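1. dropping a prediction and its sequence here:
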Amino acid sequence: MIFTVTPIYALGVSVIYLILWFRVTAMRGGGGISIGDGENRDLLLRIRQHGNCAEWSTFILILMLLAEGMDAPDLYLHLTGALLLVGRITHPFGLKADNAGHVLRYVGNGTNILAALTAMICIAANLAGF
(Lines give C-alpha, C1' and ligand atoms only; values in the text may rest on other atoms or scores of the structure.)
Protein backbone atom coordinates (compact mmCIF):
# COMPACT_ATOMS: atom_id res chain seq x y z
CA MET A 1 0.00 0.00 0.00
CA ILE A 2 1.20 3.48 -0.84
CA PHE A 3 0.17 6.14 1.63
CA THR A 4 -0.73 9.40 -0.08
CA VAL A 5 -2.58 11.53 2.50
CA THR A 6 -0.85 10.94 5.84
CA PRO A 7 2.63 11.89 4.53
CA ILE A 8 1.34 15.37 3.65
CA TYR A 9 0.46 16.02 7.27
CA ALA A 10 3.50 14.18 8.62
CA LEU A 11 5.67 16.59 6.65
CA GLY A 12 3.83 19.64 8.01
CA VAL A 13 4.03 18.38 11.58
CA SER A 14 7.73 17.57 11.09
CA VAL A 15 8.45 21.19 10.19
CA ILE A 16 6.65 22.38 13.33
CA TYR A 17 8.47 19.77 15.43
CA LEU A 18 11.85 20.89 14.13
CA ILE A 19 11.08 24.57 14.74
CA LEU A 20 10.15 23.76 18.34
CA TRP A 21 13.30 21.63 18.69
CA PHE A 22 15.49 24.46 17.36
CA ARG A 23 13.93 26.80 19.92
CA VAL A 24 14.87 24.40 22.75
CA THR A 25 18.37 23.86 21.40
CA ALA A 26 19.02 27.57 20.93
CA MET A 27 18.00 28.36 24.48
CA ARG A 28 20.04 25.46 25.88
CA GLY A 29 23.10 26.63 23.96
CA GLY A 30 22.60 30.24 24.98
CA GLY A 31 22.26 29.30 28.62
CA GLY A 32 24.95 26.63 28.69
CA ILE A 33 22.38 24.03 29.77
CA SER A 34 23.19 20.55 28.47
CA ILE A 35 20.56 18.44 30.24
CA GLY A 36 17.24 19.33 31.81
CA ASP A 37 15.96 22.86 32.14
CA GLY A 38 18.61 24.29 34.48
CA GLU A 39 15.71 25.73 36.51
CA ASN A 40 15.11 28.11 33.63
CA ARG A 41 11.34 28.61 33.42
CA ASP A 42 11.45 29.76 29.80
CA LEU A 43 13.45 26.70 28.77
CA LEU A 44 11.04 24.43 30.64
CA LEU A 45 8.18 25.99 28.68
CA ARG A 46 9.94 25.39 25.36
CA ILE A 47 10.73 21.81 26.36
CA ARG A 48 7.04 21.19 27.09
CA GLN A 49 5.94 22.85 23.84
CA HIS A 50 8.28 20.52 21.95
CA GLY A 51 7.34 17.49 24.05
CA ASN A 52 3.62 18.08 23.63
CA CYS A 53 4.10 18.24 19.86
CA ALA A 54 5.99 14.94 19.89
CA GLU A 55 3.37 13.24 22.06
CA TRP A 56 0.26 14.29 20.15
CA SER A 57 1.76 14.17 16.67
CA THR A 58 3.05 10.63 17.05
CA PHE A 59 -0.25 9.38 18.44
CA ILE A 60 -2.40 10.96 15.74
CA LEU A 61 -0.09 10.13 12.84
CA ILE A 62 -0.11 6.46 13.88
CA LEU A 63 -3.92 6.55 13.94
CA MET A 64 -3.93 8.23 10.52
CA LEU A 65 -1.60 5.59 9.07
CA LEU A 66 -3.81 2.83 10.42
CA ALA A 67 -6.95 4.50 9.07
CA GLU A 68 -5.37 5.13 5.68
CA GLY A 69 -4.09 1.56 5.57
CA MET A 70 -7.68 0.41 6.13
CA ASP A 71 -8.82 2.57 3.18
CA ALA A 72 -10.51 5.31 5.19
CA PRO A 73 -12.01 7.97 2.92
CA ASP A 74 -9.53 10.71 1.98
CA LEU A 75 -11.96 13.36 3.23
CA TYR A 76 -11.71 12.02 6.79
CA LEU A 77 -7.95 11.67 6.57
CA HIS A 78 -7.61 15.27 5.39
CA LEU A 79 -9.95 16.41 8.17
CA THR A 80 -7.86 14.55 10.72
CA GLY A 81 -4.61 15.97 9.32
CA ALA A 82 -5.93 19.52 9.13
CA LEU A 83 -7.12 19.34 12.74
CA LEU A 84 -3.71 17.99 13.75
CA LEU A 85 -1.91 20.85 12.01
CA VAL A 86 -4.19 23.49 13.52
CA GLY A 87 -3.59 22.00 16.94
CA ARG A 88 0.17 21.83 16.52
CA ILE A 89 0.37 25.39 15.22
CA THR A 90 -1.81 26.96 17.92
CA HIS A 91 -0.90 24.97 21.03
CA PRO A 92 2.65 26.31 21.56
CA PHE A 93 1.31 29.88 21.54
CA GLY A 94 -1.31 28.98 24.14
CA LEU A 95 0.92 26.97 26.46
CA LYS A 96 1.73 29.59 29.08
CA ALA A 97 3.14 29.04 32.56
CA ASP A 98 0.95 31.78 34.02
CA ASN A 99 -2.29 31.06 32.12
CA ALA A 100 -3.55 27.47 31.99
CA GLY A 101 -6.76 28.68 30.36
CA HIS A 102 -5.28 30.46 27.34
CA VAL A 103 -7.67 30.21 24.38
CA LEU A 104 -4.96 28.90 22.00
CA ARG A 105 -4.18 26.10 24.43
CA TYR A 106 -7.83 25.08 24.30
CA VAL A 107 -7.86 25.34 20.51
CA GLY A 108 -4.71 23.22 20.28
CA ASN A 109 -5.93 20.56 22.67
CA GLY A 110 -9.45 20.57 21.27
CA THR A 111 -8.42 20.17 17.66
CA ASN A 112 -6.01 17.38 18.52
CA ILE A 113 -8.69 15.52 20.46
CA LEU A 114 -11.05 15.92 17.49
CA ALA A 115 -8.30 14.69 15.15
CA ALA A 116 -7.74 11.60 17.28
CA LEU A 117 -11.48 10.91 17.51
CA THR A 118 -11.94 11.29 13.75
CA ALA A 119 -9.20 8.75 13.02
CA MET A 120 -10.48 6.42 15.74
CA ILE A 121 -13.98 6.52 14.25
CA CYS A 122 -12.56 5.64 10.82
CA ILE A 123 -10.71 2.67 12.30
CA ALA A 124 -13.72 1.52 14.35
CA ALA A 125 -16.06 1.84 11.35
CA ASN A 126 -13.73 -0.27 9.26
CA LEU A 127 -13.41 -2.91 11.97
CA ALA A 128 -17.22 -3.01 12.27
CA GLY A 129 -17.50 -3.52 8.52
CA PHE A 130 -18.97 -0.15 7.57
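-> Received, thanks. Residues are numbered from 1 along each chain as shown.

2. quick check, central residue of this structure?
-> In the chain, the centroid-proximal residue (C-alpha atoms, centre = their mean) is Ser57; its distance is 3.3 Å.

3. I'd say it and Gly81 touch.
-> No: using C-beta atoms under 8 Å, Ser57 is not in contact with Gly81; the gap is 10.8 Å. Quick note: C-beta positions are derived from backbone N, CA and C, even for glycine.

4. quick one, phi psi at Lys12?
-> No Lys there; residue 12 is Gly. phi -60, psi -50 (degrees, to the nearest 10).

5. and for it, nearest residue in space, chain neighbours not counted?
-> Leu85 (5.2 Å; C-beta to C-beta, 6 or more residues apart in numbering).

6. residues touching the one you found, list them.
-> Tyr9, Gly12, Val13, Ile16 (C-beta atoms under 8 Å, 6 or more residues apart in numbering).

7. any idea how far it lies from Trp21?
-> Computed as C-beta to C-beta, to the nearest Å, the Leu85 to Trp21 distance reads 17 Å.

8. pLDDT at the residue nearest to Gly12, what is it?
-> pLDDT for Leu85: 98.

9. tell me the buried residues in the helix or strand hosting it?
-> Using DSSP states H and E, Leu85 falls within helix 74-94. Within helix 74-94, the residues scored as buried using 16 or more other C-beta atoms under 10 Å are 76-77, 79-92, 94.

10. Three-state assignment for Met64, please.
-> Using DSSP: H, G, I helix; E, B strand; the rest coil, the structure places Met64 in helix.

11. please renumber the chain so that the first residue is 317 from this point on.
-> Right, with 317 as the first residue, what we last looked at is Met380.
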